[in-house]
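Asks: Predicted structure and sequence below. I'll ask about it afterward.
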Amino acid sequence: MQSTKIVTLNDINVSFIKNKPVLQNLDLEIFKGESLTILGPGGSGKSTLLKIILGIIEPQSGTLNVFGKNINSLLHKERSEILKKIGIAFQQGALFDFMTVSENIDFAMENMTQFTQKEREERIPNFLAQVNLTHAADKLPSELSGGMRRRVGFIRALITNPELALLDEPTAGLDPVTTTIVIDIIHRIGRQIGTTMVCVTSNIDVAFRFAKKVAILKDGKIIGVGTKADLLNLNNEWITNFLTIRENKFHTDEEIDMNESSV
Ligand SMILES: Nc1ncnc2c1ncn2[C@@H]1O[C@H](COP(=O)(O)OP(=O)(O)OP(=O)(O)O)[C@@H](O)[C@H]1O
């Protein structure tokens with residue numbers, strides 16, 4: 001049976017400066033229940049692509065369907081209803097500085113879900129325990145490490161039971177051990193709530209650890225989608241170089257870490 005498409009981008013074009021396209025003729029489909037990584041080098045248009053899905057940026061041309069609607073043609077209220085189905089974890093967590101960890105998480109549930117206060121009060125310790133942050137419930141974001149803030153950001157994105165979770169560079173700046181822990185946590189909670197998950201990253205290792213299905217973004221275009229084997233079988237010289245030569249040249253995070261610690 002064909003899975004349901006929850007996001008379809010068709011022939012999307014975006015440019016901020018004339019004749020300098022940031023996304024060009026971009027096609028992308030996201031299916032219900034899948035995990036997908038969008039992998040591309042810095043400046044390839046990954047953040048812009050997320051902003052298109054969220055309706056933050058309107059493309060110059062192309063069609064966009066998010067949960068059955070063209071998000072750009074919706075009135076504020078309808079758009080809010082669509083956005084309530086989407087959990088977003090931004091780079092660095094993007095928490096409210098003046099709210100405690102619990103308040104940050106509760107704010108998302110209060111605004112995006114129908115959970116009662118009692119349900120919300122039960123969910124917060126349950127989710128915090130899953131990321132080993134029970135002790136941080138009453139702390140302010142400024143009292144947390146980068147990795148802890150990131151974990152709170154994931155909880156805030158996922159505790160609302162979103163139908164689609166968008167994770168922007170979920171492990172950027174984290175050490176290799178924390179990176180592995182964070183990916184495991186995302187997988188575990190994602191499975192538990194059964195959400196569709198899209199991760200955006202420039203890290204090849206993280207890309208394939210997050211999802212088997214990876215879409216390669218280059219210069220604003222998706223130039224291949226599939227498993228690593230599928231992508232290598234495309235015989236696209238740029239993709240092969242990106243996935244293999246770069247990998248060999250730059251080594252894994254763990255190897256870099258070992259090399260650095262032996263210096
Ligand atoms: N608001 C804007 N105005 C002008 N140019 C922009 C704007 N937003 C993005 N760009 C340009 O669009 C291109 C793609 O940017 P984008 O942030 O989407 O890439 P990215 O793949 O997410 O990069 P990174 O991995 O470095 O975060 C870059 O050249 C960037 O300078």
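Replies: Noted; the coordinates are in hand. Residues are numbered from 1 along each chain as shown.
Asks: pLDDT on the helix or strand containing L64, on average?
Replies: In the assignment (DSSP states H and E), L64 maps to strand 61-66. Over the span of strand 61-66, the pLDDT mean works out to 92.
Asks: which residue is nearest the centroid of the protein?
Replies: Per CA atoms, centre = their mean, the C-alpha nearest to the average position across the chain is that of L167, at 1.7 Å.
Asks: So for that one, what's the pLDDT?
Replies: On the pLDDT scale, L167 is placed at 92.
Asks: Am I right that it sits in a strand?
Replies: Yes - per DSSP: H, G, I helix; E, B strand; the rest coil, L167 lies within a strand segment.
Asks: need the contact list for it.
Replies: By CB atoms under 8 Å, 6 or more residues apart in numbering, L167 lies in contact with 88-89, 154, 157, 186, 197-200. C-beta coordinates here come from the backbone N, C-alpha and C atoms, glycine included.
Asks: Neighbour count and distance to the ligand added to those residues, as CSV?
Replies: Output for those, formatted as CSV (neighbours: other CB atoms under 10 Å; distance: CB to the nearest ligand atom, whole Å):
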residue, neighbour count, distance to the ligand
I88, 19, 14
A89, 24, 15
F154, 23, 19
A157, 27, 18
I186, 24, 19
M197, 27, 18
V198, 25, 13
C199, 26, 13
V200, 23, 7
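Asks: Tell me which of these fall in helices.
Replies: 154, 157, 186 (DSSP state H).
Asks: And L36, which helix or strand is it part of?
Replies: According to DSSP H and E, L36 maps onto strand 35-39.
Asks: and that strand, what's its mean pLDDT?
Replies: For strand 35-39, mean pLDDT is 95.
Asks: same for whichever helix or strand comes after that strand, what does it pack against?
Replies: Downstream of strand 35-39, the first helix or strand assigned by DSSP H and E is helix 46-53. For helix 46-53, the packing partners by 3 or more CB pairs under 8 Å, 6 or more residues apart in numbering; DSSP states H and E come out as strand 5-17, strand 20-31, strand 61-66, strand 164-168, strand 196-201.
Asks: near the ligand at all, the second one?
Replies: Yes - using CB under 6 Å from any ligand atom, a contact is recorded between strand 20-31 and the ligand, made by V22.
Asks: Now that strand: buried residues?
Replies: By neighbour count on 16 or more other CB atoms under 10 Å, the buried set for strand 20-31 is 21-23, 26, 28-30.
Asks: Repeat that for the first one.
Replies: Neighbour-count burial for strand 5-17, with 16+ other CB under 10 Å as criterion, is recorded at 6-7, 9, 12, 14.
Asks: Reformat those as CSV; add pLDDT and distance to the ligand.
Replies: Output for those, formatted as CSV (pLDDT from 0 to 100; distance: CB to the nearest ligand atom, whole Å):
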residue, pLDDT, distance to the ligand
I6, 94, 22
V7, 95, 17
L9, 95, 14
I12, 95, 13
V14, 95, 8
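Asks: ok, back up a step: pick the one among the buried residues of strand 20-31 closest to A215.
Replies: Among the buried residues of strand 20-31, L28 lies closest to A215 (CB to CB), at 6.5 Å.
Asks: give the contact list for the closest one.
Replies: By CB under 8 Å, 6+ apart, the contact set of L28 is 7-9, 12, 38, 49, 215, 222.
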